[in-house]
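Asks: sequence and predicted structure below; questions after.
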Amino acid sequence: MMKTDRLEHTSDRIRSESAPLLERGAICASAKSEVRSAAEAPGEVRTDALHGQLVRELSAAGCFRPATAWTIVHALAIIVTYSAAYLILLTDPGPGVRLLAIAALSAVCLQAGFVGHEAGHGAVTRHQPLARWIGQVFQTLLTAVCYSYFQHIHRAHHPHCNERSRDPDMQSSIFSLYSESASSKKGFGKIVSRHQAYLIWILVCLQGFSLKVDSFNFLRRNVRATRSDQTMLLLHLGLWLVLPALVLGFWNALFNYALMTLLCGPYLGAIFLVNHIGTRVVEPGETVTFFMQELSTTRNLGDSPLHSFLFGGLNNHIEHHLFPSMPTARLRTARQITRAFCRRHGLSYRELSWFAAAREVFAHFKAISALVPR
């Protein structure tokens with residue numbers, strides 16, 4: 001009982017000191033909601049308490065303060081660039097300019113998605129209606145990856161990171177991220193999983209299409225709860241397929257949109273494939289605290305301002321997972337503090353270059369593919 005009381009006390013303290021997430025009870029960074037049977041393991045009581053200590057250090061450094069000015073500048077830059085590239089396409093430019101405009105739009109779509117992602121975590125504003133509006137504009141309207149769909153899958157990922165049976169990002173009908181998945185593959189999934197170490201880098205190019213199709217299917221299954229998404233999606237389709245078709249012709253409009261979506265895939269893969277794959281897999285019933293789970297299942301990438309811009313702050317992925325509601329602009333500062341804190345207390349803290357992380361991902365997929373039945 002004494003250990004449980006200490007955990008409850010620490011959990012309540014962390015909840016009060018951490019910046020709250022937008023959706024209460026959805027993606028919770030407090031230790032109370034994330035500790036699994038930690039009262040049985042004294043070492044985990046210690047790491048849970050260390051999490052609270054780290055929260056206090058980060059709070060003292062101002063890492064949970066809003067970054068309103070940076071967010072406004074970033075959002076305006078996205079809107080201006082998106083609008084300019086879109087209008088250039090409507091002028092039916094030559095092939096070179098056309099390709100540059102489409103490539104710029106695909107990159108800006110990812111940046112817009114970062115803003116929606118940040119809003120969904122409550123890192124832009126604590127005002128929920130405003131945060132939802134920002135998410136709808138920057139995700140659903142600009143990218144067609146519907147905000148409600150992304151929130152639905154992302155809420156399950158964060159509190160269950162790399163949990164074999166609960167993290168939706170661990171589940172795939174064609175790829176295998178753990179041994180049980182490999183052994184159960186059949187048909188096309190079995191063929192792909194056998195060669196997944198190579199095919200993942202090719203098929204990830206289709207991720208932009210996959211996310212849009214999955215978004216549409218989610219709206220179709222949840223018609224009443226996704227009215228705002230449906231409205232924004234119709235506006236998006238009008239923006240990309242109706243107006244351009246009237247100006248450029250249907251096939252030109254479709255080509256521009258399809259190529260923009262295709263070019264989003266490699267960018268998406270470069271960001272998201274290297275965050276967790278190849279790290280610890282948490283087995284069902286395994287005892288682990290929130291703090292240790294995030295440290296052991298997440299890796300950081302490059303630490304430069306350019307990395308932070310290109311990755312939308314997700315190169316600081318350990319800090320993002322430990323403190324999801326922390327503004328992106330504060331993550332680099334939090335990273336320095338968290339790194340020093342982990343080293344001081346002898347805790348694992350993984351930082352790799354993108355290429356080193358990609359090699360680990362390749363090796364993991366290769367090892368798991370060997371478990372696929374012949």
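Replies: That came in fine, so what should we check first?
Asks: low-confidence ranges, the stretch 101-250 of the chain, go.
Replies: Scanning the stretch 101-250 of the chain for pLDDT under 70 picks out no residues.
Asks: helices along that one, start to end?
Replies: 128-135, 142-143, 147-157, 179-184, 187-194, 196-203, 207-221, 227-237, 243-248, 250-272 (DSSP state H, counting those that start in this stretch).
Asks: isn't residue 235 up against residue 141?
Replies: Yes - taking contacts as C-beta atoms under 8 Å, residue 235 lies within contact range of residue 141: 5.7 Å. In this view, the C-beta of every residue, glycine as well, is placed from N, C-alpha and C.
Asks: the two - which one has more neighbours?
Replies: The neighbour comparison of residue 235 against residue 141 (other C-beta atoms under 10 Å) goes to residue 141, with 21 against 16.
Asks: OK, contacts around that one?
Replies: By C-beta atoms under 8 Å, 6 or more residues apart in numbering, the contact set of residue 141 is 232, 235, 236, 239.
Asks: quick check: the farthest pair among these?
Replies: By the measure C-beta to C-beta, the contacts of residue 141 have their two most distant members at 232 and 239, which lie 10.2 Å apart.
Asks: the two: which is more packed in?
Replies: residue 232 (23 against 15).
Asks: would you check that that one makes contact with residue 137?
Replies: Yes - assessed by C-beta under 8 Å, residue 232 is found in contact with residue 137 at 7.3 Å.
Asks: what mean pLDDT does stretch 340-347 have?
Replies: Throughout stretch 340-347, pLDDT has a mean value of 95.
Asks: can you check stretch 307-325 too?
Replies: On average, stretch 307-325 scores 95.
Asks: what comes up buried for it?
Replies: Neighbour-count burial for stretch 307-325 flags 307-308, 310-325 (criterion: 16 or more other C-beta atoms under 10 Å).
Asks: alpha carbons of that stretch, as CSV, please.
Replies: What follows is stretch 307-325, C-alpha atoms only, in CSV (Å, rounded to 0.1, in the frame of the first residue of the first chain):
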residue,chain,number,x,y,z
HIS,A,307,16.4,19.1,-38.3
SER,A,308,13.7,20.5,-36.0
PHE,A,309,12.2,22.4,-39.0
LEU,A,310,12.2,19.5,-41.4
PHE,A,311,10.9,17.1,-38.9
GLY,A,312,8.4,19.4,-37.3
GLY,A,313,10.1,19.0,-34.0
LEU,A,314,9.6,15.2,-34.1
ASN,A,315,13.4,14.7,-34.3
ASN,A,316,13.1,15.5,-30.5
HIS,A,317,10.8,12.5,-30.3
ILE,A,318,11.7,11.4,-26.8
GLU,A,319,10.7,14.8,-25.4
HIS,A,320,7.5,14.8,-27.5
HIS,A,321,6.4,11.5,-26.2
LEU,A,322,7.3,12.3,-22.6
PHE,A,323,5.5,15.7,-22.8
PRO,A,324,3.1,15.7,-25.7
SER,A,325,1.5,19.0,-24.9
